[in-house]
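*Asks:* Take this sequence and fold it.
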Amino acid sequence: MFYLVAYDIEDNRIRGRLARYLEKKGRRLQKSVFTLNLEPHQLKAVTRDLGKLAGIHGDVAIFRLCRGCEGAAIRLGGEERSYSIY
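*Replies:* Got it, this is the predicted structure:
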């Protein structure tokens, strides 16, 4: 499944750790927004890991999107690349 992960964390150290973790798991779209392609068992582990990394110091949101939603995403501005990770 395709997931969109966004976070809001003020602490630079924690935010950096979270970003490095997500860069290994998926593709960075913006500074605090990533796309991940995960199997159900991987989602459990990623959710657990993100919860540990963010703790009570920030907010992390994970949105599951279908292939149609991912394919219909529109990018305005920025680099000429799609949001797709497939």
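*Asks:* which stretches of this structure form strands?
*Replies:* 2-9, 27-30, 33-37, 58-65 (DSSP state E).
*Asks:* For the nearest residue to residue 40 once chain neighbours are set aside, give me its contacts.
*Replies:* Leaving aside its chain neighbours, residue 40 sits nearest to residue 1 (7.4 Å; criterion: Cβ to Cβ, 6 or more residues apart in numbering). (C-beta placed from N, C-alpha, C; glycine too.) Applying Cβ atoms under 8 Å, 6 or more residues apart in numbering, we find residue 1 in contact with 37-40, 43, 64-66.
*Asks:* who wins for neighbours among the residues you listed?
*Replies:* Top of these by neighbour number is residue 38, holding 19 neighbours under the definition other Cβ atoms under 10 Å.
*Asks:* pretty sure it is touching residue 3, no?
*Replies:* Yes: applying Cβ atoms under 8 Å as the test, residue 38 and residue 3 come out as touching, 5.9 Å apart.
*Asks:* for this structure, what spans make up the helices?
*Replies:* 12-25, 40-54, 67-71 (DSSP state H).
*Asks:* CSV for the strands of the chain, including distance to residue 74?
*Replies:* Formatted as CSV, the strands of the chain follow (distance: least, Cβ to Cβ, whole Å):
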stretch, distance to residue 74
strand 2-9, 14
strand 27-30, 13
strand 33-37, 14
strand 58-65, 13
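*Asks:* can you redo the ones you listed as a markdown table with mean pLDDT and distance to residue 21?
*Replies:* A markdown table is the format used below for these (pLDDT from 0 to 100; distance: least, Cβ to Cβ, whole Å):
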| stretch | mean pLDDT | distance to residue 21 |
| --- | --- | --- |
| strand 2-9 | 94 | 10 |
| strand 27-30 | 90 | 12 |
| strand 33-37 | 93 | 10 |
| strand 58-65 | 92 | 11 |
